[in-house]
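*Asks:* my questions are about this predicted structure, shown below with the sequence.
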Amino acid sequence: MAQLGVLQKPAEPANQSKYSVELKHVKKSYGTNGETEIYADLTFQLLKGTFVALVGPIGSGKTTMVNMFAGLERPTSGTIIVLGQDLTRMDEDSLAAFRASAIGLVPQVQTLIPELTVYENVELPLHFAKVDERSRRDKVDKVLERVGIRGEADKGVAKLSVGEKQMVSFARALVNDPPILLMDEPTEALDPLMSEVVLGLLRGDNMTEGRTIFVTTHDKRVTDLARRTLRVNKKIP
Ligand code: ADP
Ligand code: MG
């Protein structure tokens, strides 16, 4: 006999926290004996959907911070919780899978693969996230359109200008619609016109997509867009 089923409510999402990133007593040093101390004891949170900028002189630890949020760099001690998951308890494979689904990263130094086309570079994270082919094509087309480089899809990235490469990097970070977008000095290498394009994208993205955005920068136009600006000072050895 057929029964009128009660629709199962979806399981409660694991992460009910209002924070996307939480640092608890994070210490970070480099060197075999930990001689280069970057952060001594950091505790702070990023609200979901916020846009936070991090400023500070060269060598103050901005890239280190971005890499810790992305699980690319582990803290020396303390806890980093991203979307409810404790990154410090995850092994490398879990971290890679987590990154593929949760984090869009625009690194300070280009990591595009020069032998591949724009399309293939942007598609890469979707392979890691095991997205099927049809959805991959949809997502790549859509994001290339959005950042204004759909016409360049079949070009090799080696042939692109610095600004165009930055847009490819941006597209690659956004293609899987990650809840967190990390950008490491995204406008610093760009001419004024290209950086305006990136700023426009950032502004629109934060307002319409509700993504958490964390950007390191020296650019006042970026800090003007951000809701909060954190500052790191360089330790004098
Ligand atoms: P920023 O992005 O603010 O310029 P970084 O986070 O790149 O600063 O670096 C902070 C400090 O840590 C620098 O003094 C840098 O030389 C050092 N550092 C960064 N990565 C490493 C590493 N893998 N090994 C040793 N020292 C490092
Ligand atoms: Mg840096």
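*Replies:* Perfect, thanks for sending it. Ligands and ions are numbered 1, 2, ... in the order given.
*Asks:* doesn't Arg134 lie inside a helix?
*Replies:* Yes. Counting by DSSP: H, G, I helix; E, B strand; the rest coil, Arg134 is part of a helix.
*Asks:* any idea how many residues pack against it?
*Replies:* Arg134: 8 surrounding residues under other CB atoms under 10 Å. Just so you know, the C-beta spots here come from the backbone N, C-alpha and C atoms, and that holds for glycine as well.
*Asks:* and if you look at Thr43?
*Replies:* 11.
*Asks:* residues in contact with the host helix or strand of it?
*Replies:* Using DSSP states H and E, Thr43 maps to strand 36-47. Strand 36-47 is contacted from outside by 18-30, 52, 61, 64-65, 75, 78, 212, 214, 230, 235, using CB atoms under 8 Å, 6 or more residues apart in numbering.
*Asks:* what residues sit buried inside the longest helix along the chain?
*Replies:* Longest helix in the chain by number of residues (criterion: DSSP state H): helix 192-209. The neighbour-count check on helix 192-209 (16 or more other CB atoms under 10 Å) flags Met194, Ser195, Val197, Val198, Leu199, Leu201, Leu202, Arg203, Asp205, Asn206 as buried.
*Asks:* and for stretch 115-132?
*Replies:* Using 16+ other CB under 10 Å as the burial criterion, the residues of stretch 115-132 that qualify are Thr117, Val118, Tyr119, Glu120, Asn121, Val122, Glu123, Leu124, Pro125, Leu126, Ala129, Val131.
*Asks:* filter the contacts of strand 36-47 down to the buried ones, ChimeraX style.
*Replies:* Selection of buried members from those for ChimeraX, criterion 16+ other CB under 10 Å:
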select :19,20,21,22,23,24,26,28,52,61,64,65,75,78,212,214,230
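*Asks:* inside helices: which ones of the contacts of strand 36-47?
*Replies:* Cross-referencing those against helices under DSSP H gives Thr64, Met65.
*Asks:* the contacts of strand 36-47 in strands, which ones?
*Replies:* 19-30, 52, 78, 212, 214, 230 (DSSP state E).
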